[in-house]
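> take this sequence and fold it.
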Amino acid sequence: MHKNRIIQIVTLFFFTLNSQFCTAFDWTSSDIQQLYGSDFELGDANRHTTTVEHAHGWKYGQNFFLSILSIGMILA
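Below is the predicted model:
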């Protein structure tokens, strides 16, 4: 499965999650970032990093989820 397809599925999941349970939570926050960097001293010189984050709070407490996927690129 391609990286872009995975990002689309995760994005759809979080938007669906927020719309279905918004009345059960006191607050909710979701964030998806796609970052690119180059000239790293350790590992591959060029990298793409995808970050998925979700947090919410309700009367029973708070939950937090963070996932980071870093993909190095080899340029010939």
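> rest of the way, CA atoms for contacts and neighbours
OK.
> flag the helix or strand of the chain with the lowest per-element mean pLDDT.
Across the helices and strands of the chain, the lowest-confidence element by mean pLDDT, DSSP states H and E is helix 3-21, at a mean of 65.
> just checking, what packs against the helix or strand just after that one?
Using DSSP states H and E, the helix or strand that follows helix 3-21 in sequence is strand 27-38. Counting contacts by 3 or more CA pairs under 8 Å, 6 or more residues apart in numbering; DSSP states H and E, strand 27-38 packs against helix 3-21, strand 46-58.
> at 6 Å instead, please
Of the remaining helices and strands, those touching strand 27-38 by 3 or more CA pairs under 6 Å, 6 or more residues apart in numbering; DSSP states H and E are strand 46-58.
> contacts for the following helix or strand past the strand it packs on?
Next in sequence after strand 46-58, counting helices and strands by DSSP H and E, comes strand 61-73. The contact list for strand 61-73 (CA atoms under 6 Å, 6 or more residues apart in numbering) reads 44, 46, 47, 48, 49, 50, 51, 52, 53, 54, 55, 56.
> now with 10 Å, please.
3, 25-38, 43-57 (CA atoms under 10 Å, 6 or more residues apart in numbering).
> also stretch 48-55?
So stretch 48-55 is contacted by 3, 7, 10-11, 14, 18, 27-38, 62-73 (CA under 10 Å, 6+ apart).
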